[in-house]
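Undergrad: got a predicted structure plus its sequence, pasted below:
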Amino acid sequence: MEARGCERLHRALSECHRRVPSDLARASACRHLNSALAQCLVSEACPDESEAVRGLCASGGTALKRSQCRQAQLDLSVCCVAGLLVNRWIV
């Protein structure tokens, strides 16, 4: 795993998958770890965009803030896709 700050979550999720044999039970038991690891990886890959989404989309607000939230979400999506494409082509 490349994201330096996410190893602990990756190990915890792997351990959860090892301990919980059933797919349905595993999905429920490991959901919080899966979500936390996903957020960690996205934050490592796209820190500025992730922070913008957290700041702009944390609560409701004015039409302007909602518009800025949507733009931040789009920017984060573009960053994630760009990272996937770059990593896929390099490997």
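TA: That came through, no problem.

Undergrad: and the most centrally placed residue in the chain, which helix or strand is it part of?
TA: In the chain, the C-alpha nearest the mean C-alpha coordinate belongs to residue 39, at 2.7 Å (CA atoms, centre = their mean). Per DSSP states H and E, residue 39 falls inside helix 23-45.

Undergrad: and the helices in this protein?
TA: Under the criterion DSSP state H, the chain contains helices at 7-19, 23-45, 47-56, 63-90.

Undergrad: same list (the ones you listed) but as TSV, adding mean pLDDT.
TA: Output for those, formatted as TSV (pLDDT from 0 to 100):
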stretch	mean pLDDT
helix 7-19	94
helix 23-45	92
helix 47-56	96
helix 63-90	86
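
Undergrad: that older thread, need the contact list for the residue nearest to the centre of the chain.
TA: Counting by CB atoms under 8 Å, 6 or more residues apart in numbering, residue 39 makes contact with residue 50. Any C-beta I mention is one placed from the backbone N, CA and C, and that applies to glycine too.

Undergrad: same check, this time on the one 4 residues further on
TA: Taking CB under 8 Å, 6+ apart as the definition of contact, the neighbours of residue 43 are 50-51.

Undergrad: if you set the cut-off to 6 Å instead, what comes out?
TA: For residue 43, the contact set (CB atoms under 6 Å, 6 or more residues apart in numbering) comprises residue 50.

Undergrad: quick one: it from residue 78, how far?
TA: Using CB to CB, to the nearest Å, residue 43 is found at 16 Å from residue 78.

Undergrad: tally up the residues packed near residue 75, please.
TA: Neighbour count of residue 75, defined by other CB atoms under 10 Å: 16.

Undergrad: that one is in contact with residue 49, isn't it?
TA: Yes: between residue 75 and residue 49 there is a contact at 4.9 Å, judged by CB atoms under 6 Å.
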